[in-house]
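[1] pasting a predicted model and its sequence here:
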Amino acid sequence: MKKITSYFYLACLVFIMAGCTKDFVDLEPDDLLSPEVIYSSLEGIESSIPGIFYQAREYASWEDGCEYKYGSTDLERAGTNLRDDIDYNAVYLLVSFDAENEFIKDLWESLYKGLHKCNVAMESIDKLELNENDEELTDRRDAVAGILYFFRAYFHLNLVQRWDNIVLADHVFSDPSETIVLATKEQVYSLIISDLLAAIPLLPEANTITTDRGHITKGVARHVLALTYMDVEEYGSAAEMATAVVNDPAYELVGIGEVFSVAYQDNNEIILSWQFTQAEGGSNLGQRLSNRFLPLYDRVIGVTRDFKYGGRPYSRLSPSEYYWTLFEEDDLRLDGWHTRFYVYDGIAEPPPEGVNVGDTVTLENYELSEPVGPRAFEPTTAKHHEDGTFGRLIGSAEGWRNIIQYRLGETYMIGAEAYYRSGDMDAALLMINELRKRADVDEFTTLNDDMILDEHARELGQEYSRYPMLKRLDILVERVQAHNVDVGPVMQDYHVRWPIPYGFQKLTKVPQNEGYY
Amino acid sequence: MRLHLTSKLFFIIGLFAVLNASANVYSDSKRISIQVKDVEIRELFREIENNSEYTFFFNEQFAELDKKVSMDITDQNISMILDKLLDNTLMDYEILDNDFVVIVPKSSKQPGTVITGTVNDAYGDPIPGVNIVEKGTTNGAITDLTGNYSITVTTTDAVLIFSSVGYNEEEIDVGTQTKIDLILIESIEVLDEVVVIGYGSMQRTNVTGSIASIKGEEITKAPVPNLVEALRGQIPGVRITRNSGLPGSDVDFTIRGKRSIGAAEDEDNPELNVNANEPLIVIDGVPYTGGSISDINPDDIENIDVLKDAAATSIYGSSAANGVVLITTKSGVPGKTSIRVNASTGITDLVQRPEMFDGPGYLQLKIDAVHGSREVEQVMPEEVLDPIELENYYAGEDMDWHDAILKKGRINQFGVSITGGTNKFKYYVNGDLYRETGIVQHSTYNRYSFRVNSEYAPYNFVKIGARALFATTQADETGTTLDASDDPDFGDFIGNSTWGRTEDSLGNLTPTANSDQFQHNPLYRYAHSEAQRNKYRTSITPYIEFRIIEGLTYKINGFVEFRNERFTRYLDGEYDAQRLGENTYKVDFGQGYSYLLDNIVNFERTFAQKHMVNVTGVYGFQGNRFENMIMQAVDLNTNYLGIYDIENVNPALLDPELNPKKSGKAYFVARLGYAYDNRYSLTLSRRWDYTSQFGPDRKKGVFSSAAAAWNVHNEAFLQNFAQLTFLKYRISWGEVGNDRIPEFSYVPSASPSTYTWSGNVVNGWTTGESGNNILQWETSKQFNTGIDFGFFRSRISGMVDYYLSKNIDLLYEEQVPIIFGDADGLIMANVAETKSWGIDASLTGKIFNGDFKWIVTVNWAKDKNEIVNLGGAKVDEEGNPIDDPANGWFIGEDIDVIYDYDFIGVYQLGEEATALAMHPDKAYYTAGDPKIRDISGPDGVPDGIIDEYDKTFLGSSVTPKWYGGLTSTFSYKGIELSILLETVQGIKRVNYFINALTGRDNTVKINYWTPDNPTNDFPQPNARSVYDYRDAVRVQDASFLAIRNVSLSYDLPSSLFTNIPIQGVRVYVRGNNLKYFTKYTLSYSPESDWQEYPITKNWTFGLNVTF
């Protein structure tokens, strides 16, 4: 009897414990938030907007990302340290430039992540059940929708300009069995244009937002639409859009010294800049553009690393020799936007014998602390220079100044070219001469293709727009071969578009761009 | 048989006692008269028998029966006669009710006699832990470490039974003896030993699975703090590699190779790392769920059992697919208290030093690199050396960076263990200190461990016990701060210029070796940084076991552990010359607890002497929780407060992380074992597992196994086959699971995001991981068959196993096209399938037995794995599996295959045209560039062009063709020499020690091409760019033969300690990881990566005294 009792207790114990099984295995994560929570309310969808901006800016926090926009044009060449960026080295110098390149994959994925976030938010907005009579709510919804339309266009435009053949992300992809196909360029551009046209009425005017230039406004969308029309050769529409931006009272051309000034980084010429602050995430979320173009000037004995030259040099890229030939010596942009000389300061170490503090470094008087050659003190652009204003140290690789994406100077160039190509020479001259007046050089009285290309170079060299311009005019390969000593010798016709990343292409089985495998 | 008379007597006496229970004749009144002269006592007994009703029983072997006596007695009663007769003998008598007179040894009438003695084996070595039981009682004792015992007998005619695992049982009649020394003969079958099998144990003879066992003493022969490392080369099919030599760091190990392809690594937070191929470690019945196994003192280990096949492991169900290691810690040994003091000291040093270019060699490399980049007639040192280098060059002072940074390390260990107790209460206590200073500065590891294992048996049906551990480790890891991340990065500093310096002319450490801002001076970095790691682990494993009826026990096994870890790293404002004034802080505090409760019911009984039944049922649950907080910051602050300055950091620059980690499991386990006549055994097991690792519908998994064994040698038809000692055939099949993926991988989650406007940070949430609700276990279906054999009384014994394992639903982060929006285009999914198979075998030969003994054990294993398919997206139009080159996975190939070009030499002068023609996409290709084998083209045949079609499989970087070990032990009169060799053959690695050859950094000494040195070994250096096919060129054979450890010990003769309270003294010299014989010499070891802390060897000298 005693035994039976103990068996009974044992059995009870086991069953009691069995009942607890759920407690041990039904655990909830403590630090994970369900996406459903975010995307089911207007507030949540609004909170997804910073993530979309982040996606558009992401490239700037990568070393190679900061280089890609300036790669393989006639206005740049390799800096002496480019070899340190293995992946970008391949992208830029086109040596072993193939579909397995990690940087190309990263950029492609970054842009598609942005598209996914736009589409998820867009589809969630459609499902929101708002009181349509509540104007405050519907206004907020429209403001978000405007931003989403803009960015979907922006990401697609960035993709199509580099790769030509891309997958159109016009909806949320959620069914793994969906067949993935490449869209035609016409399909892509048609969606970009319709998205931008949808965005413009929903977006605010520039001056209704705070003074910073980091928001998406009607002006930003119109500027991008003008660029898009240039790509599809609808010059009349492009001119119209450019004019609308030029006439927008929120924007004006500012003085040469102000355009790229760290102190005035939200000046009225800026249409859109990617914004940074040290507090956001330290060096990880800083930008890596500030010192890309700086030659290794601090290796010159007697010249000390200094913020006036841009601080720590990385020497990944340089303006090409051809670029310097395009300027007249009295062009204000030449000294205003460039570092042309380095001066012995003797702070860290004395200049070489026979040279005085205050002398300029020349091929005749230099000595180097590292055997890096005389390109250590070649002239360069100062458009991206940054000093310590935002917490940057003299040795920092990263910076926190904003990166100018679109500015009015470019709008004038688009306007001028668009009018020129649609046959309105007077309007074209009016536009382009605004830039020449500011640079204090003679105004043009006539225009031709080369003059437009050259003025574009002078105004917008080492900014992002040279590559798409040469490409849409179908002169990328010939110009690079003619003027870029590093890329020219290896540039082939198929390099005009980038390879679809290997993994993506294998997974989706879409055809690879011609010339790559 | 001298032993059996007493037993017979007992039987007869018992019988008569029962039959005549009612007879009550008091025989003592009977009178006897007798006259004899000079007769043997034996004769006298006959005489009495003839003249009375008495009957004598006596043991013929009593020597005194021959004694001649004379006697003249009239009408005396029997007691008086016998009292007188036996007075001066060792014999005594007893008169039973039925007139039986039993002659017995005199002392046996005296309960309370103390019997002592020593138990040795056939070679004269003491056997500790021999169980001594007085027959028919619960009175018992156990031999101590020197084989001595002491037992107080409680009955007359005491019979002692001596038993010990692995030896034949002996019964000894105590008789008149007070000192019994005994030699136990090793049982002819190792099948007698008891094997721990998970939730219980079983005699080897009935084990059906593939289980390898190793004793604690074999582990302590390797002087390393990590018990897994100590297993290296000793168990067939277990492969252990040490990738980092950092004192106290962990090793990688696999049982029967790899089968899973997933793994997740988090550099910032090692707590979150998941190694899918890691075996499950179970210590005293509790899965080891977190932290380093180095926390466990190897000296506390009694026994390790490695479960290799599914028949053995499926009892652990969901996390056992990669094998299970069962570790049993030492228990108390009842008997005289034994105190053992162990102290050792030793030195550590590089085991292999990659040869670098020396000063002139490096200068030549720089010059050759310039030649390689352009046509130059002559290059002067002034053109390639910077001013600092030139100064040293002119002074003729080159330097060796290994000499500058490395030193000899030291190991010190001191431990005291006490064991003792009685049959009711026994204990084992061990306090141990291990200190290691590494081979670089600021690198120390101290472990303090304290263990108490005790057991109390208040009644003979209940046992209560607990195993408690407190361990703490304090490590200075400043030696790993060569890099600003947690990466030790040794590969970097060895590339520093040989013409550089560590100090300037004033004796101050310089930030860099020369003017190159990336040639960091390691000594400078150490001086400006600090990294500390402290760990605390406290655990207790209490248990209570009831014996309910004979053979049926119920055991509750509990476990609670608290774990704290603390890591701090501080780089002061001068650490990075590029970021002067910027202090870098990292604080990582973690704490957690684990618990477990197992209810184990076990029933074991043998019916009708032939049917052995063993049933085990378990219900248990376990939970783990760990949380760590990481705070990192970069700020401008003082250099004086070290890490504690973090509280003064600008709060906006603090980057805090709080990482919760939790998991839980509950399970039912059933196992049925049946053995018939020690010939046939069968084991069936099933486990129902519930885990928190998977989504609501996938928490449950069921794992079954079936196994059978046949002890062929017990068959009648083999009884006359004398050479065969034992032969056993095993076969098994089972399913096991693997749930090693990051926790909550199934849960979709939003991710936080930020953006900045006008300098203000705005936070938001956006899409993140998409999760996967249908995630479930990986399943491994394993088949195993093997034989165990022994010949010539086990002079030769061994085993061979073959296994085949099909691994399905493998978990890994499947790459999906990025348009599907998962954060990194990766979704954890059960998609892949692999299969693996292999053989493991071991053979032991006792070559000499006797005073001089020589035992050799060889083990050998071969594992093969191949990817069968990669699931979902990885199929072609016809549904056939296709490769995943992005991850380096190819159908039909090893998981870690190296897929690259086949480097076959260097283009020589005169071959420029061919070089260019073969590489049309490389306009610069010429003599001095790598020559690649033209294997194929678009049409499947060599096309004269080197492109993607020419990539090929160059071998596996993880799975060797075969591997094994050899242990050779010699012993002679207390001297023992044991040598362990390990070999791994047929493995390839990319040797990153060979760098870019641009001349910017120094590199290991290789024979590179120049126009004057037309070698085929390595391509020409080039100052402007890295040579093509960089990895392919650096693929090298990393096979090796290693002298893993050597142990020489001497036990001082016990005759030296007769008058002092010392039982034994052993002195020893032991070496670990002493030498590699390999072609892979340009590295710290053929097993480690170039950025890791170098691998070391060590020699220790020790003394072990037992009181």
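    Sure, I can see it.

[2] burial check on the closest residue to residue A:363 other than its chain neighbours, number of neighbours?
    With C-beta to C-beta, 6 or more residues apart in numbering or on different chains as the criterion, residue A:363 has its nearest non-adjacent residue at 5.8 Å, and that residue is residue A:374. In short, each C-beta sits where N, CA and C put it, glycine included. For residue A:374, the count of nearby residues is 13 (other C-beta atoms under 10 Å in any protein chain shown).

[3] isn't residue A:374 up against residue A:364?
    No: assessed by C-beta atoms under 8 Å, residue A:374 is found out of contact with residue A:364, at 10.4 Å.

[4] give the helix, strand or coil label for the residue in the stretch 351-500 of chain A that chain B sits nearest to.
    Of all residues in the stretch 351-500 of chain A, residue A:395 sits closest to chain B, at 3.3 Å by C-beta to the nearest C-beta. Recorded secondary structure, residue A:395: coil (DSSP: H, G, I helix; E, B strand; the rest coil).

[5] quick one: the nearest residue to it once chain neighbours are set aside from residue B:995, how far?
    Nearest non-adjacent residue to residue A:395, counting by C-beta to C-beta, 6+ apart: residue B:578, 3.3 Å away. As judged by C-beta to C-beta, to the nearest Å, residue B:578 and residue B:995 stand 22 Å apart.

[6] check residue B:890 too.
    Noted for residue B:890: a distance of 28 Å to residue B:995, by C-beta to C-beta.

[7] same check, this time on residue A:250
    54 Å.

[8] those two: who's more crowded?
    Legend: neighbour count by other C-beta under 10 Å for residue A:250 and residue B:995, higher for residue B:995 (21 against 17).

[9] given the helix or strand encompassing residue B:1077, what are its sheet partners and their directions?
    Using DSSP states H and E, residue B:1077 maps to strand B:1064-1078. Using DSSP bridges, strand B:1064-1078 pairs in its sheet with strand B:1040-1051 (antiparallel), strand B:1096-1106 (antiparallel).

[10] would you map the strands across chain A?
    For chain A, the strands defined by DSSP state E cover A:76-78, A:270-274, A:317-319, A:338-339, A:380-381, A:403-407.

[11] for those strands, give me a markdown table that also has distance to residue A:29, mean neighbour count and mean pLDDT.
    Output for the strands of chain A, formatted as a markdown table (distance: least, C-beta to C-beta, whole Å; neighbours: other C-beta atoms under 10 Å in any protein chain shown; pLDDT from 0 to 100):
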| stretch | distance to residue A:29 | mean neighbour count | mean pLDDT |
| --- | --- | --- | --- |
| strand A:76-78 | 47 | 26 | 93 |
| strand A:270-274 | 33 | 23 | 96 |
| strand A:317-319 | 44 | 23 | 94 |
| strand A:338-339 | 52 | 20 | 96 |
| strand A:380-381 | 49 | 24 | 96 |
| strand A:403-407 | 36 | 24 | 96 |
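
[12] could you export these as JSON lines, including distance to residue B:481?
    Putting the strands of chain A into JSON lines (distance: least, C-beta to C-beta, whole Å) gives the following:
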{"stretch": "strand A:76-78", "distance to residue B:481": "34"}
{"stretch": "strand A:270-274", "distance to residue B:481": "34"}
{"stretch": "strand A:317-319", "distance to residue B:481": "33"}
{"stretch": "strand A:338-339", "distance to residue B:481": "36"}
{"stretch": "strand A:380-381", "distance to residue B:481": "35"}
{"stretch": "strand A:403-407", "distance to residue B:481": "33"}
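
[13] make TSV out of those strands and add distance to chain B.
    Listed next are these as TSV, based on distance: least, C-beta to the nearest C-beta, whole Å:
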stretch	distance to chain B
strand A:76-78	10
strand A:270-274	9
strand A:317-319	15
strand A:338-339	21
strand A:380-381	20
strand A:403-407	12
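
[14] next up, the contacts around the residue nearest to residue B:1089 when sequence neighbours are not counted.
    Nearest in space to residue B:1089, with sequence neighbours left out and distances taken as C-beta to C-beta, 6+ apart, is residue B:243 at 6.2 Å. By C-beta atoms under 8 Å, 6 or more residues apart in numbering or on different chains, the contact set of residue B:243 is B:251-252, B:1087-1089, B:1092.

[15] just list the residues touching residue B:753, thanks.
    So residue B:753 contacts A:48, A:50-51, A:54, B:763-766 (C-beta under 8 Å, 6+ apart).

[16] gap between it and residue A:272?
    Taking C-beta to C-beta, one finds residue B:753 at 19 Å from residue A:272.

[17] neighbours of residue 194, just the number please.
    The chain I'm using is chain A. Count around residue A:194 with other C-beta under 10 Å applied: 14.

[18] wrong one, chain B
    15.

[19] is chain A contacted by stretch B:737-749?
    Yes: Stretch B:737-749 is in contact with chain A by C-beta under 8 Å from any C-beta of the partner chain, via B:743-744, B:747-749.

[20] distance-wise, check the spatially most central residue of chain B relative to residue B:47.
    What sits nearest the mean C-alpha location of chain B, by C-alpha atoms, centre = their mean, is residue B:228, with 2.8 Å. Separation of residue B:228 from residue B:47 (C-beta to C-beta) stands at 75 Å.

[21] got the phi and psi for the closest residue to residue B:329 other than its chain neighbours?
    Nearest non-adjacent residue to residue B:329, counting by C-beta to C-beta, 6+ apart: residue B:300, 4.9 Å away. When read as degrees, to the nearest 10, the backbone of residue B:300 gives phi -80, psi 0.

[22] residue 417 - how many residues pack around it?
    You didn't pick a chain, so chain A it is. Residues lying near residue A:417 (other C-beta under 10 Å) number 26.

[23] I was thinking of chain B, sorry if that wasn't clear
    By other C-beta under 10 Å, neighbour count at residue B:417 equals 20.

[24] tell me who's in contact with it.
    Residue B:417 neighbours (C-beta under 8 Å, 6+ apart): B:299, B:330, B:339-340, B:342, B:428-431.

[25] check which helix or strand it maps to.
    Using DSSP H and E, residue B:417 falls in strand B:409-421.

[26] buried ones in that strand?
    Residues of strand B:409-421 classed as buried under the neighbour-count rule (16 or more other C-beta atoms under 10 Å in any protein chain shown) are B:409-411, B:413, B:415-421.

[27] show me how far stretch B:484-501 is from its chain's centre.
    Put simply, stretch B:484-501 sits 33 Å off its chain's centre (C-alpha atoms, centre = their mean, to the nearest Å).
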